[in-house]
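Participant: Sequence and predicted structure below; questions after.
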2 protein chains.
Amino acid sequence: MSIIAYLGPEHTFSHLVARKRFPQGRLFPCASIAEVIAFAQDQEEHLGLVPIENSSGGMILETVDLLLEEDSPLFIQEELSLRVRLALVGHPGTPPRIVFSHWAPLGHCRRWIETRFPRAELRVAGSTAEAARLAAKTPGAVALATREAAAATGLSVLHYPVEEEILNLTQFVLLGRQKLTSGGQETSLVFSLPQKPGSLCSFLEPFRAEAINLKRIVSRPVPGQPNTYVFFASLEGSDAEPPMERALKTAEGRALRCRSLGSYPVLAPYES
Amino acid sequence: MSIIAYLGPEHTFSHLVARKRFPQGRLFPCASIAEVIAFAQDQEEHLGLVPIENSSGGMILETVDLLLEEDSPLFIQEELSLRVRLALVGHPGTPPRIVFSHWAPLGHCRRWIETRFPRAELRVAGSTAEAARLAAKTPGAVALATREAAAATGLSVLHYPVEEEILNLTQFVLLGRQKLTSGGQETSLVFSLPQKPGSLCSFLEPFRAEAINLKRIVSRPVPGQPNTYVFFASLEGSDAEPPMERALKTAEGRALRCRSLGSYPVLAPYES
């Protein structure tokens, strides 16, 4: 039976998705996205669940950069998504002096916090779950975290959801060493292209010829090599179908390197 | 004479670039990228200097999203860049209990800090300069900031550079209401495309036909509309030249909307 690694500790958004998808599964918390990916690479029966894109923050670059690594043996097994709603959790009472959270929500929600608690100090925790744990033991502190984290640490939900006006959807991928052979709705690729005019257009052309839709694309600068880029792209359709198969073959011939992360089902969003 | 707004306060990396580029200029610190852009939109003689891409962290999404706004009257006047080197600044002595910085360096340098100071608390400041100011008045605290910020707050440089192994280049754009008419080396566009197969390929095709190189491209999800994307792209060459002029005209006809941010010179990198 599979063991599913996720970005821990318990009561993070990754944990919430892992529990919703695998209610009976053996779950294994990791301290970083890199550890989740290393765990999934280690053995056939290991899977790794990592966030890949947020509808307001964009691609999760740590995940993309790890998927871009040349020698990765991983394929995407599924794409999952979660409608993310943060809660402000803490002890009811006076306005907080300290707000703990992961550095990403602290950045995204900085205005929201500053408007309500202009004098509060923002402190970085390793995860939203760790933030709740720190808030529980620090007088005058609150955290931006899940409602489950509040329950697990004995805190109250003071405000929910934070920043309710925006639909905030985080997309995750489930990674494993198995290459699926059927049932995919979407295919993802990592590729690098010659530094010459028209190379991206030429790479995309075979997909246009087969009427295959591009879902997302991002060019990532190669660290230490400004103006050199690698790409991550997701296309609608399965590589078990002849049009995608033909398009991939032609496109690969136009890339310096191109690795398919496989074709996989896209599941309906979970609520948080 | 122009007034140049930058992401302040004084002694941030944006301030460093502004002073290197305009040593005699009237500089105006702003509290956020949004304020810099609003200042530049306000009057003809106002300019705004904002970071747009970092070679290790990727595009600065706050800037990109503001440039994507439909009614912006701004054009890029110049692209500038800075080789960013952070310093660990503080009072010499015992290992720090607290590390202040802007949330982006705290995220990027988290491993570096944790390896050296596993027990230190990470606290978010509005900028690297503010981080140095907070470190100066907080016992047991240090900051990740510029060396100039250390000098300005009476702190010592304890370690420089932080994370020296990676070339970390931050690219900035100087924004203003003037559309330059000559001398450009690079042209930037924001555009949105019909949600149909091949639309990005068709948009890029005229640039390939004219042998125009694509420097960077990013697709941004539209907040609140998952799976809807707008694009920011930079192309090598000037729109004062017939090949770019022809390509732009054809490409615009294939977009839902397309706005040129103009053609502008690209300056050599500054050192920090």
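Facilitator: Okay, I see it.
Participant: so what's residue A:135 up against?
Facilitator: When contacts are counted by Cβ atoms under 8 Å, 6 or more residues apart in numbering or on different chains, residue A:135 is found next to A:89-90, A:98, A:100, A:141-143, A:145, A:153, A:155. (C-beta placed from N, C-alpha, C; glycine too.)
Participant: Now compare the residues you listed and name the two farthest from each other.
Facilitator: Maximum pairwise distance among those (Cβ to Cβ): 15.0 Å, between A:98 and A:153.
Participant: Mind telling me which residue is nearest the centre of chain A?
Facilitator: Closest to where the C-alpha atoms of chain A average out (Cα atoms, centre = their mean) is residue A:51, at 1.4 Å.
Participant: doesn't it fall inside a strand?
Facilitator: Yes - Residue A:51: assigned to a strand according to DSSP: H, G, I helix; E, B strand; the rest coil.
Participant: what pairs with it across the strands?
Facilitator: residue A:172 (DSSP bridges).
Participant: My read is that it contacts residue A:172, right?
Facilitator: Yes - assessed by Cβ atoms under 8 Å, residue A:51 is found in contact with residue A:172 at 5.2 Å.
Participant: Spell out which residues are contacts of both of these two.
Facilitator: In terms of Cβ under 8 Å, 6+ apart, residue A:51 and residue A:172 are both contacted by the residues residue A:14.
Participant: residues contacting the one residue in the stretch 51-200 of chain A that gets nearest to chain B?
Facilitator: Per Cβ to the nearest Cβ, residue A:198 is where the stretch 51-200 of chain A lies closest to chain B, at 2.9 Å. Residues near residue A:198 by Cβ under 8 Å, 6+ apart: B:204, B:207-209, B:211-212.
Participant: Any stretches of the stretch 101-250 of chain A with poor pLDDT?
Facilitator: In the predicted model, the stretch 101-250 of chain A carries pLDDT under 70 at residues A:164-167, A:221-228.
Participant: which stretches of it form strands?
Facilitator: Here the stretch 101-250 of chain A has its strands, by DSSP state E, counting those that start in this stretch, at A:121-125, A:141-145, A:156-159, A:169-176, A:186-192, A:214-222, A:225-236.
Participant: Looking at these, which one is packed in the most?
Facilitator: Among the strands of the stretch 101-250 of chain A, strand A:141-145 has the highest mean neighbour count (mean count of other Cβ atoms under 10 Å in any protein chain shown), at a mean of 29.
Participant: elements contacting it?
Facilitator: With contacts defined as 3 or more Cβ pairs under 8 Å, 6 or more residues apart in numbering or on different chains; DSSP states H and E, strand A:141-145 has these neighbours: strand A:87-90, strand A:98-102, helix A:128-137.
Participant: I'd like the C-alpha coordinates of it written as CSV, please.
Facilitator: This file holds the C-alpha atoms of strand A:141-145, laid out as CSV (Å, rounded to 0.1, in the frame of the first residue of the first chain):
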residue,chain,number,x,y,z
ALA,A,141,-0.1,36.3,19.6
VAL,A,142,-2.4,35.0,16.8
ALA,A,143,-1.8,33.0,13.6
LEU,A,144,-3.1,32.8,10.1
ALA,A,145,-3.8,29.1,9.8
